[in-house]
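**Student:** sequence first, predicted coordinates after that:
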Amino acid sequence: MYIKNIISKRPYVIAGPCSAESKEQVFDTAKSIQDVADVYRAGIWKPRTNPNSFEGVGKKGLNWLKKVKEETTLKVATEVATAKHVELCLEADIDVLWIGARTTVNPFYVQEISNALKGTHKTVYVKNPPHPDLGLWIGAFERLYKSGICRIAAIHRGFYSYKKAVFRNDPNWEIPIRLRKEIKDLPIICDPSHIAGDSLLVQDIAQTAMDINLDGLMIETHNYPKTALSDSNQQISPKQLKNILNKLILTTNKLRDEKHELELLDFRDKIDMLDSLIIEMLTKRTDVVKDIAKLKLQNNLTIFQFERWLEILNTRRQKAIDDGLDKEMIIELFEVIHKYSILLQTSIIRK
């Protein structure tokens with residue numbers, strides 16, 4: 001997949017309100033951030049969970065974005081969810097279109113948008129689907145690419161979680177890291193606003209995005225966040241945006257100092273050795289699981305033993321706490337181990 005480079009610097013900054021609310025609000029916010037942003041974003045069609053919520057100003061908002069494009073140094077971007085949205089944006093010469101999470105999840109919608117874009121040279125951002133389905137996300141890029149769209153980028157906005165958490169959406173950083181492995185040259189931009197759900201957390205998430213070498217940030221910015229008609233809790237002011245960007249620490253993935261390079265290699269050797277030991281222990285554990293499966297088969301026992309599973313969870317969690325480890329990490333680790341233990345026992349018993 002050949003992807004044209006659309007990122008001119010790091011971090012590449014996309015900023016603007018969640019929703020375009022008025023001509024004045026759109027233009028005033030744009031003027032306030034044009035010295036720090038590369039692209040101005042504003043939603044004019046807002047697919048909301050609750051139909052009684054503000055769902056955007058619609059087509060007239062495109063004229064407001066055109067004014068921003070004509071009178072500032074900013075490119076302009078908005079979300080599209082249908083082929084008709086694409087048609088209207090093409091007529092208004094909107095620079096960048098993005099496909100939202102609720103649209104990415106549906107291959108039929110993505111295909112309609114891809115067909116509508118065929119023959120154009122528009123830049124298209126694709127937000128991840130609400131749930132961590134990497135194949136679905138990659139499929140959206142493939143559909144666009146088959147329609148001749150090669151100016152593309154990913155927007156990582158986190159994933160819905162059933163668990164009560166600090167963030168609105170689970171960052172699940174391993175998913176964008178895996179995406180980069182699958183599509184090497186694809187720019188990946190983080191949306192700290194939607195991950196956070198709280199303006200106070202945007203700084204930390206933006207820094208983490210830079211720490212894992214993502215290419216840019218899409219941050220919801222509003223002249224008066226508290227009065228915003230949508231997502232007011234997670235929007236920040238232009239002044240806050242500038243403060244966040246100024247505080248970012250940009251790191252490199254290469255060490256310039258030879259001494260520190262050797263020290264890092266030594267640490268990595270130690271990690272490799274420990275990982276090898278972990279695999280050896282998992283191999284031994286697997287052998288025991290096989291013996292357990294044979295015993296259960298001989299005695300007509302069920303594969304899943306609920307009380308034993310609770311015992312494993314509770315004792316491993318407490319061990320993690322006692323040893324100063326993150327208990328959630330240990331629980332997730334043993335959930336995966338237990339899942340594959342069940343699958344292995346099932347395959348043995350069903351033979």
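**Tutor:** Perfect, I can see it now.

**Student:** so Asn233 sits in a strand?
**Tutor:** No - in this structure, Asn233 is helix, not part of a strand, as judged by DSSP: H, G, I helix; E, B strand; the rest coil.

**Student:** isn't Ile205 up against Ile195?
**Tutor:** Yes - with contact defined as CB atoms under 8 Å, Ile205 and Ile195 form a contacting pair (5.2 Å). Placement of C-beta: from N, CA and C, glycine included.

**Student:** mutual contacts of these two, please.
**Tutor:** Phe167, Pro171 (CB atoms under 8 Å, 6 or more residues apart in numbering).

**Student:** give me the more crowded residue out of these two.
**Tutor:** More crowded of Ile205 and Ile195, by other CB atoms under 10 Å: Ile195, with 27 against 22.

**Student:** ok, for the more buried one, nearest residue in space, not its chain neighbours?
**Tutor:** Gly158 (3.8 Å; CB to CB, 6 or more residues apart in numbering).

**Student:** quick one, grab the pLDDT at the one you found.
**Tutor:** The score at Gly158 is 95. That number is its pLDDT.

**Student:** wait, a helix at Trp98?
**Tutor:** No - per three-state DSSP, Trp98 lies outside any helix segment and is strand.

**Student:** nearest residue to it other than its sequence neighbours?
**Tutor:** Nearest one to Trp98, counting by CB to CB, 6+ apart, is Tyr125 at 3.9 Å.

**Student:** hmm, back to that, so how many other residues sit close to the residue nearest to Ile195?
**Tutor:** Neighbour tally, Gly158, other CB under 10 Å: 28.

**Student:** who touches it in this structure?
**Tutor:** Asn128, Phe167, Arg168, Asn169, Asp170, Pro171, Asn172, Asp191, His194, Ile195.

**Student:** need those residues in a markdown table (columns: secondary structure and distance to Gly56).
**Tutor:** Shown next, in a markdown table, are the contacts of Gly158 (DSSP: H, G, I helix; E, B strand; the rest coil; distance: CB to CB, whole Å):
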| residue | secondary structure | distance to Gly56 |
| --- | --- | --- |
| Asn128 | coil | 21 |
| Phe167 | coil | 25 |
| Arg168 | coil | 20 |
| Asn169 | coil | 21 |
| Asp170 | strand | 26 |
| Pro171 | coil | 27 |
| Asn172 | coil | 28 |
| Asp191 | coil | 18 |
| His194 | helix | 17 |
| Ile195 | helix | 22 |
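
**Student:** name the nearest of those residues relative to Glu55.
**Tutor:** Nearest to Glu55, judged by CB to CB, of those is His194 at 17.4 Å.

**Student:** wait, isn't the closest one in contact with Pro171?
**Tutor:** No - assessed by CB under 8 Å, His194 is found out of contact with Pro171, at 10.3 Å.

**Student:** looking at these two now, which is surrounded by more residues?
**Tutor:** His194 (25 against 22).

**Student:** skipping its backbone neighbours, what lies nearest that one in space?
**Tutor:** Arg157 is the one closest to His194 (CB to CB, 6+ apart), at 4.0 Å.

**Student:** tell me, how many residues neighbour the one you found?
**Tutor:** 22.

**Student:** that one and Ile175, how far apart?
**Tutor:** Per CB to CB, to the nearest Å, Arg157 is found 11 Å from Ile175.

**Student:** any residues in contact with both of those two?
**Tutor:** Asn128.

**Student:** buried set for stretch 57-68?
**Tutor:** Val57, Gly61, Leu62, Trp64, Leu65, Val68 (16 or more other CB atoms under 10 Å).

**Student:** how is the chain partitioned into domains?
**Tutor:** 12-247, 258-349 (automatic domain parsing).

**Student:** what is the mean pLDDT for the longest helix anywhere in the chain?
**Tutor:** When the chain is parsed with DSSP state H, its longest helix is helix 258-298. Confidence for helix 258-298, expressed as mean pLDDT, is 92.

**Student:** tell me the helix or strand right after it.
**Tutor:** Next along the chain after helix 258-298, taking DSSP states H and E as the criterion, comes helix 306-322.

**Student:** report the buried residues of that following helix.
**Tutor:** Neighbour-count burial for helix 306-322 [16+ other CB under 10 Å]: Ile312, Arg316, Arg317, Ala320.

**Student:** packing partners of that helix?
**Tutor:** helix 327-349 (3 or more CB pairs under 8 Å, 6 or more residues apart in numbering; DSSP states H and E).

**Student:** who are the packing partners of the helix it packs on?
**Tutor:** Checking 3+ CB pairs under 8 Å, 6+ apart, helix 327-349 ends up next to helix 258-298, helix 306-322.

**Student:** make CSV out of the ones you listed and add distance to Ile342.
**Tutor:** Conversion of these to CSV gives the following (distance: least, CB to CB, whole Å):
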stretch, distance to Ile342
helix 258-298, 9
helix 306-322, 9
